[in-house]
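Q: Quick one: sequence and predicted model below, then my questions.
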Amino acid sequence: MPLVRFYSFLLFLFAVHFNVTAQSSCLYFGKLQVESTTWKEGEIAITRFLVNNTDSVVFSENGKTFGSFLAKNEQVVSPCIVIRDLQDRIRSVDSVRPYTYYEKTVNYFGYWVVPVVKWEYGVNGIPSKMTLKNKQGRDSLVREWDLHGVLQKEQVEGLYPQTCYYYTNGVLKSVTKDTFINRYNVKRVRNYSENGIIQQESWFRNDVPCKNWLIYDGNGVLNKTIKHAPLPEKSAVPYAVDMEPPVLMLVSEQADPAGGQTAFFRYLESSLERELCKRYFSGNTYVLRFEIQEDGTCVYKSLQGPDTFETEPFFKAAIEASPRWVPAKRQGTPGRETISLSVRIG
């Protein structure tokens, strides 16, 4: 019995020692909070801020912000997106709406959206182009104006595309329309005078003249017919179905410390507790902000809390010497991520 009590006493001492060792650090860490993520598409930098479970997205070039929108659950929820130039002039306005399940969408700076209509403007504020989208997100109607706001071109997409060109005074100049005759794809071209009177109707198959061409006089009266080889009969062929392109999923990966969050907290403990676990810092709570670069290196940003003039050098040194992280990614492209962390000294 005395031997049993002795072993029990040893186990008790070991347990006490283990608890003291486990609780030896005075540092208590909160949750790693992502404040913003920045990635690039060409020369454009896109930055996402998380506000009340909603993404506030801004995009900039050369440090100049030229547009923004709100997004939620990877969808744009703003009714329109306004783009400005470096002189703060409106260059384009995209009217959009969130999509519903199974609806065709497009990827707008890494977010899903259903485009409705896009207006583009010249430096004088006059519309230069309007693009109307169909339910599949493709162009269905495109109009273009000159610098004075005079219509110069109109293009209608669909099963039978049509393109209209206009003279500088806005009068219709020509109409080119794709159509289907005798199971052949052919193009009809109608040309008009500067007074808007029809002058000629011509037909092409694979850019080769076909069918009968009609020539009109200055008053629009048929004046001449030019005969070309007629389209031969063509046997029916099986109906071909155009395959939709594969849908690309939006993939967003947050930055992750090497070895995980636990390993990062252990690293901070080993770097900070010797200097910070002192009586006169006890009870202080700090908010540490740092940024993870595209290559995974840590960059110190700021520290909020009491006595920061004494504690900041230690936090800064710890972050700058931190092991590299796995950087954040958006569609496979590495980006920068700003993170905040609450640290309490017990």
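A: Alright, I've got the coordinates. Residues are numbered from 1 along each chain as shown.

Q: Quick check: can you name the pairing partners of the longest strand seen in the chain and their directions?
A: For the chain, the longest strand by residue count, based on DSSP state E, is strand 333-345. Using DSSP bridges, the strands paired with strand 333-345 are strand 27-29 (antiparallel), strand 33-41 (antiparallel), strand 285-292 (antiparallel), strand 328-330 (antiparallel).

Q: The ones you listed: which one's closest to residue 343?
A: strand 285-292 (4.9 Å; Cβ to Cβ). Just so you know, the C-beta spots here come from the backbone N, C-alpha and C atoms, and that holds for glycine as well.

Q: What lies in contact with the closest one?
A: 35, 255, 298-305, 308, 311, 315, 319, 325, 327-328, 336-345 (Cβ atoms under 8 Å, 6 or more residues apart in numbering).

Q: 6 Å instead?
A: With Cβ atoms under 6 Å, 6 or more residues apart in numbering as the test, strand 285-292 has contacts from 255, 298-305, 315, 319, 325, 327, 336-344.

Q: Tell me the buried residues in it?
A: Buried residues in strand 285-292, counting neighbours by 16 or more other Cβ atoms under 10 Å, are found at 286, 288-292.

Q: What mean pLDDT does the helix or strand just after it get?
A: Using DSSP states H and E, the helix or strand that follows strand 285-292 towards the C-terminus is strand 298-304. Here strand 298-304 scores 95 as its mean pLDDT.

Q: before we move on, what about stretch 141-160?
A: On average, stretch 141-160 scores 92.

Q: in that stretch, what counts as buried?
A: Within stretch 141-160, the residues that count as buried by 16+ other Cβ under 10 Å are 142-145, 152, 154-157.

Q: Any stretches of the stretch 201-346 of the chain with poor pLDDT?
A: 234-251, 279 (pLDDT under 70).

Q: Okay, strands next: where are they in it?
A: For the stretch 201-346 of the chain, the strands defined by DSSP state E, counting those that start in this stretch occupy 208-209, 212-216, 222-227, 252-253, 256-257, 285-292, 298-304, 325-326, 328-330, 333-345.

Q: looking at these, which is buried most?
A: Compared across those, strand 328-330 shows the largest average neighbour count, a mean of 21 (mean count of other Cβ atoms under 10 Å).

Q: List the buried residues for stretch 56-71?
A: 56-60, 66-71.

Q: got the CA positions of stretch 57-77 in CSV?
A: Output in CSV follows, covering the C-alpha atoms of stretch 57-77 (Å, rounded to 0.1, in the frame of the first residue of the first chain):
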residue,chain,number,x,y,z
VAL,A,57,-14.7,44.9,-54.3
VAL,A,58,-12.6,47.8,-55.7
PHE,A,59,-10.3,47.7,-58.7
SER,A,60,-7.5,50.1,-59.5
GLU,A,61,-4.6,50.7,-61.8
ASN,A,62,-1.4,52.5,-60.9
GLY,A,63,-2.8,53.2,-57.4
LYS,A,64,-5.9,54.9,-58.8
THR,A,65,-9.3,53.4,-58.0
PHE,A,66,-11.6,53.4,-61.0
GLY,A,67,-14.5,51.2,-60.0
SER,A,68,-16.2,49.1,-57.3
PHE,A,69,-19.2,46.8,-56.6
LEU,A,70,-20.7,44.8,-53.8
ALA,A,71,-20.8,41.0,-53.9
LYS,A,72,-22.2,38.2,-51.8
ASN,A,73,-21.7,34.4,-52.1
GLU,A,74,-19.5,35.0,-55.1
GLN,A,75,-22.2,37.0,-56.9
VAL,A,76,-22.3,40.7,-57.8
VAL,A,77,-25.3,42.3,-56.0
